[in-house]
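>>> coords below, sequence missing:
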């Protein structure tokens with residue numbers, strides 16, 4: 001009978017949908033695995049290889065949910081399809097609209 005070998009860490013995802021799956025991945029891959037269901041704008045929970053847990057909390061948002069994925073905060077301004085200008089990814093959306101129609105030159 002051949003021994004069963006653990007999957008290499010490279011094939012284990014860095015994130016899992018829930019705590020139980022993250023804990024199993026962390027043990028099998030011998031690495032920390034993020035618990036996606038516990039991730040927020042200001043915190044993340046990691047399952048450790050030894051069965052313990054690590055929580056990292058930030059005093060301000062470091063990521064924002066765009067659709068179903070988390071994206072790092074990015075305050076770089078971009079032009080939007082409606083002509084307004086706003087940051088790429090922030091916790092509270094802000095936009096600047098053109099008011100050129102209110103300006104007249106003599």
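Alright, I've got the coordinates. Here the structure is a predicted model, which means the values were calculated and not measured.

>>> Provide a list of residues in contact with the spatially most central residue of the chain.
Centroid-nearest residue in the chain: residue 70, 3.0 Å away (criterion: C-alpha atoms, centre = their mean). By C-beta atoms under 8 Å, 6 or more residues apart in numbering, the contact set of residue 70 is 39, 63, 64. For the C-beta atoms, the positions are set from N, CA and C on the backbone; glycine is no exception.

>>> can you pull the pLDDT of it?
Listed pLDDT for residue 70 reads 93.

>>> hang on, the earlier thing: mark which of the contacts of residue 70 are part of strands, please.
63, 64 (DSSP state E).

>>> will you turn the contacts of residue 70 into TSV that also has distance to residue 79?
Converted to TSV, those look like this (distance: C-beta to C-beta, whole Å):
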residue	distance to residue 79
39	30
63	23
64	19
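
>>> Out of the contacts of residue 70, which is nearest to residue 78?
For the contacts of residue 70, the residue nearest residue 78 by C-beta to C-beta is residue 64; the value is 14.5 Å.

>>> Residue 82 versus that closest one, what's the distance?
20 Å (C-beta to C-beta, to the nearest Å).
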